[in-house]
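*Asks:* Following is a predicted model, sequence given first.
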Amino acid sequence: MGAGEHLFMAWCGVPDPGVAEALVRGGFDAALFDMQHGSFEVSSATAGILAMAAAGKPALVRIPVGDFTTASRMLDAGAAGIVAPMINSADDARSLASFCKLPPLGRRSWGPARALSLTGMDGPTYLRSANEMQLAIAMIETREAIAALDEILAVPGIDGVLIGPSDLSIALSDGTSIDPHGQAVDEVLALVVRRTQVHGKIAACFCADGGRAKAVSALGFQLCSIGTDGTLLAKIAGLELGIARS
Ligand code: 3PY
Ligand code: MG
């Protein structure tokens with residue numbers, strides 16, 4: 001992404017590394033293991049990170065809301081980055097960064113056992129490299145987060161933001177509707193592209209399908225999902241069964 005590439009990630013909630021492995025071998029650039037709304041736990045996400053290492057693809061982990069200690073653990077396990085939901089203020093962003101970044105930038109405790117073996121780095125090299133190599137990405141999905149967007153992006157150690165369009169649409173409609181592809185969300189997407197460019201940080205977005213991912217990527221978002229493992233499986237199953245039964 002530093003070179004300007006636009007990536008598509010497999011958003012995985014089924015806690016078996018074989019599913020993510022099949023998706024990245026099918027062409028996804030990275031996988032995200034979802035501990036917020038998916039069924040991943042520390043052990044299954046750790047197994048997923050190892051499977052991604054074998055496939056030569058980076059693994060991201062979405063932690064549960066506010067569970068920053070798990071962010072440190074997953075970075076120790078070799079995650080390429082952490083996605084943290086519901087980061088609504090600069091204070092939230094500072095907490096996230098402090099658990100994701102080693103000193104002097106943050107206060108992440110030392111213990112990168114798996115990360116050392118997966119990167120092949122010795123301790124001093126990893127200490128010098130980890131803060132740049134492993135990303136801290138703050139999810140923007142509330143009105144408070146939009147109001148604090150510039151402050152969140154300015155926090156040292158925050159590498160980018162990821163839009164959660166479903167929660168965002170619920171917030172923008174004051175809880176009356178869910179419309180992740182609606183105009184209100186689209187206006188925020190345009191704002192987020194502009195502000196991330198100003199701050200030199202990454203813009204990422206959850207996208208429900210390939211068409212949405214194409215459009216959102218074209219806006220300037222460098223990292224997009226294409227649905228989830230579950231929705232992709234259901235879609236292809238419906239398609240193939242339709243052919244078989246026709
Ligand atoms: C949202 O759309 O709110 C998300 O968190 C995507 O999973
Ligand atoms: Mg959300």
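*Replies:* Perfect, thanks for sending it. Ligands and ions are numbered 1, 2, ... in the order given.

*Asks:* can we go C-alpha only for contacts and neighbour counts from here?
*Replies:* Fine.

*Asks:* ok, Trp11 - contacts?
*Replies:* Contacts for Trp11 (CA atoms under 8 Å, 6 or more residues apart in numbering) come out as 31-34, 225-229.

*Asks:* Serialize those to JSON lines and add fields for distance to ligand 2 and neighbour count.
*Replies:* Below are the contacts of Trp11 laid out as JSON lines (distance: CA to the ion, whole Å; neighbours: other CA atoms under 10 Å):
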{"residue": "Ala31", "distance to ligand 2": "17", "neighbour count": "26"}
{"residue": "Leu32", "distance to ligand 2": "14", "neighbour count": "26"}
{"residue": "Phe33", "distance to ligand 2": "14", "neighbour count": "33"}
{"residue": "Asp34", "distance to ligand 2": "11", "neighbour count": "23"}
{"residue": "Ser225", "distance to ligand 2": "13", "neighbour count": "25"}
{"residue": "Ile226", "distance to ligand 2": "15", "neighbour count": "22"}
{"residue": "Gly227", "distance to ligand 2": "13", "neighbour count": "20"}
{"residue": "Thr228", "distance to ligand 2": "13", "neighbour count": "22"}
{"residue": "Asp229", "distance to ligand 2": "16", "neighbour count": "18"}
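
*Asks:* Among the residues you listed, name the ones in strands.
*Replies:* By the criterion of DSSP state E, membership of the contacts of Trp11 in strands covers 31-34, 225.

*Asks:* The residue nearest the centre of the chain pairs with what?
*Replies:* Nearest to the mean C-alpha position of the chain, by CA atoms, centre = their mean, lies Val83 at 4.1 Å. Following DSSP bridges, Val83 is listed with bridge partners Arg62, Ile137.

*Asks:* How much space separates it from Gly182?
*Replies:* Look at Val83 and Gly182: by CA to CA, to the nearest Å, they are 23 Å apart.

*Asks:* do Gly230 as well
*Replies:* In terms of CA to CA, Gly230 sits 23 Å off from Gly182.
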